[in-house]
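*Asks:* What shape does this take:
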Amino acid sequence: MRPYIICHMASCIDGKIDGEALGAVMRHGKYEAIAKRLGGSGWICGRTTMQQHFAEPEPFFSTSNEPAGNQPVHVAREASSYAISVDTLGKLRWSSDNLDRDHLICIISEQVPSDYLKMLREKGISYIVSGASSIDLTGAMDSFRKYFGINTLLLEGGGHINGAFVEAGLVDEVSLLLVPGIDGRHDIPTVFDGLSKSVTVALKLKSVEQLESDALWIRYEVIPAQEGEDSCKA
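*Replies:* Sure thing, here's the model as predicted:
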């Protein structure tokens with residue numbers, strides 16, 4: 001069984017998630033404080049977010065370009081909390097096996113070069129190879145509870161990876177810190193981007209909490225697709 005997955009994000013009221021812009025209207029540390037209240041034992045982001053905030057500036061360059069192919073899950077060590085990176089082709093280069101004291105797990109595809117996996121092992125980084133040419137998110141999620149004991153996972157990516165999780169039916173809850181501001185610019189990432197579905201994903205309100213500085217913390221349960229379709233017909 002996969003972990004319970006909460007997409008935890010902060011946005012302006014128009015759904016934009018540019019961190020620099022949000023900083024002007026969001027109290028420092030509030031997003032992280034709410035994340036702790038959700039109780040996740042791991043958090044996950046896509047390649048773009050990880051490159052911007054955590055990985056080394058220069059990407060990894062393979063000397064062999066030999067695809068690793070199907071590989072077993074590599075558990076470098078057990079930890080109480082995990083940071084998880086989704087990096088299809090193994091482009092991110094890492095300086096250590098932890099991010100903010102959370103042990104690093106990389107999700108990669110079978111197209112990743114074999115020397116990239118060697119680099120991860122040498123640095124003590126755990127990894128899951130899932131998917132032949134692109135990441136099989138469902139298969140990867142099934143490994144987290146079994147191999148790492150992750151029961152609740154916080155999805156904190158950009159709009160495209162959040163959208164990919166929703167489209168795969170992998171998001172159980174949305175936790176949104178809605179801050180009092182309007183971005184309004186074109187081409188700024190939003191909480192969810194890139195869904196190919198033409199039907200809106202249905203949600204059920206769990207709670208709303210008014211915070212200081214006029215922010216709202218809103219929690220929604222994601223209604224499974226079939227149930228959502230039936231309720232729309234009714």
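*Asks:* residues in contact with Leu153?
*Replies:* Applying CB atoms under 8 Å, 6 or more residues apart in numbering, we find Leu153 in contact with 3-6, 40-44, 84, 141, 144. The way it works is simple: take the backbone N, C-alpha and C, and place the C-beta from them, glycine included.
*Asks:* go with 10 Å
*Replies:* Residues in contact with Leu153 (CB atoms under 10 Å, 6 or more residues apart in numbering) are 2-8, 40-44, 82, 84, 141, 144-145, 165, 170, 172.
*Asks:* Same check on Leu178?
*Replies:* 9-13, 15, 26, 191, 208, 211, 214-218.
*Asks:* Write the ChimeraX selection for whichever of the residues you listed are buried.
*Replies:* Here is the ChimeraX command that selects the buried residues among the contacts of Leu178 (16 or more other CB atoms under 10 Å):
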select :9,10,11,12,15,26,191,211,215,217
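*Asks:* Just the contacts of Leu178: which are in strands?
*Replies:* Among the contacts of Leu178, DSSP state E puts 9-11, 208, 216-218 in strands.
*Asks:* which residues of this structure score low on pLDDT?
*Replies:* Residues of the chain that meet the criterion pLDDT under 70 lie in 226-234.
*Asks:* domains in it, as residue ranges please.
*Replies:* Taking automatic domain parsing as the reference, the chain has its domains at 1-40+151-234, 42-149.
*Asks:* most tightly surrounded among the ones you listed?
*Replies:* domain 42-149 (a mean of 18; mean count of other CB atoms under 10 Å).
*Asks:* now His186: how far from Ser96?
*Replies:* Relative to Ser96, His186 is positioned 38 Å away (CB to CB, to the nearest Å).
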